[in-house]
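[1] quick one: sequence plus predicted model below, questions after.
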Amino acid sequence: MTARPSRRPEPKCPIRPGEPCTLCLPGATGPQDCGLVYLVMSDDELRAGLHRTRTGPGR
């Protein structure tokens, strides 16, 4: 049996669904320490808007 080369997981951006994390903020290593993700997820209105964007209107 041959060993498969391991692939590094590609972090996805929680703010832009379906897109990879492009490390758009200096110093970020992924979504886990991105200031933009922190701000959106810690604000009730922004988080609700993101949820509406992900699920679509009327859901």
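    Okay, I see it. Just so it is clear, the model here is predicted, and its values are computed rather than measured. Residues are numbered from 1 along each chain as shown.
[2] quick one: low-confidence residue ranges for this structure.
    Along the chain, segments meeting pLDDT under 70 span 1, 57-59.
[3] what about Cys21, neighbour count?
    If you count neighbours by other CB atoms under 10 Å, Cys21 ends up with 20. Backbone N, C-alpha and C define where each C-beta goes, glycine included.
[4] contacting residues for it?
    By CB atoms under 8 Å, 6 or more residues apart in numbering, the contact list for Cys21 reads Glu10, Pro11, Lys12, Cys13, Ala28, Gly30, Pro31, Cys34.
[5] can you flag the buried ones in those residues?
    Pro11, Cys13, Ala28, Pro31, Cys34 (16 or more other CB atoms under 10 Å).
[6] would you reformat the contacts of Cys21 as a markdown table and include distance to Glu19?
    Converted to a markdown table, the contacts of Cys21 look like this (distance: CB to CB, whole Å):
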| residue | distance to Glu19 |
| --- | --- |
| Glu10 | 10 |
| Pro11 | 10 |
| Lys12 | 7 |
| Cys13 | 5 |
| Ala28 | 15 |
| Gly30 | 13 |
| Pro31 | 11 |
| Cys34 | 13 |
